[in-house]
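[1] Pasted the sequence and its predicted model underneath.
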Amino acid sequence: MVSGAGQLAVGIAGLGIALTADDTGTGRAIVPFAVAFLLVGAVSAYGSRWLRVAEPDGAADGARVETAGLTVRRTLVGLVVAIVAVAIAAVIGGGLAAVLGGVVAAVGAVDLVNLSWVRRREADTGAVIFRELGGSPFSGGRRPLYTRPRKDITLAT
């Protein structure tokens, strides 16, 4: 949730920068943002469809659940890159900040949609869905999924 909400906020900030830039009018900010948002959002939603159809296996022996603090720190590393990219785009020009903001916001919005789908599936099945960690904060999203019954999580805490 931190990743999706953070990316959406950074993207909207890019739009805000474009709207307040001297060299960019309202239309020249909103249209590129919307086009980038819709195109990248569609591609990202299509690319993450595997998440909605995957049947997660049970957790492997010895699998561990990352602590919330580590998850937030790992996620923040990725957000810093988005913040720096939008800031550099803003220095170059408001229009570029709008386009890059649309890209980042779309990825965040799709992440939040996928999260809501996962939460619904967890409620329906009574299992918690986890995704295997990648080797870095920039690892692609297509990593194995696995589940654990809710009672296992409760007993472990």
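    Here it is on my side, so go on.

[2] Leu96 is in contact with Ala85, isn't it?
    No: the criterion here is C-beta atoms under 8 Å, and Leu96 misses it with Ala85 at 10.0 Å. The C-beta positions use only the backbone N, C-alpha and C, and glycine is treated the same way.

[3] Compare neighbour counts for these two and give me the winner.
    The neighbour count for Leu96 versus Ala85, taken as other C-beta atoms under 10 Å, is higher for Leu96 (20 against 17).

[4] Chain neighbours aside, what residue packs nearest to that one?
    Nearest residue to Leu96 in three dimensions, chain neighbours excluded: Ala89, at 4.2 Å (C-beta to C-beta, 6 or more residues apart in numbering).

[5] The one you found: which element?
    Using DSSP states H and E, Ala89 falls within helix 68-92.

[6] Val77 and Ala85, how far apart?
    Using C-beta to C-beta, to the nearest Å, we find Val77 at a distance of 13 Å from Ala85.

[7] Then Val72?
    Counting by C-beta to C-beta, the gap between Val72 and Ala85 amounts to 20 Å.

[8] What is the neighbour count of Val104?
    Neighbours of Val104 (other C-beta under 10 Å): 29.

[9] What is the helix or strand containing it packed up against?
    According to DSSP H and E, Val104 maps onto helix 94-125. Contacts defined by 3 or more C-beta pairs under 8 Å, 6 or more residues apart in numbering; DSSP states H and E place helix 94-125 against helix 2-20, helix 26-47, helix 49-53, helix 68-92, strand 127-131.
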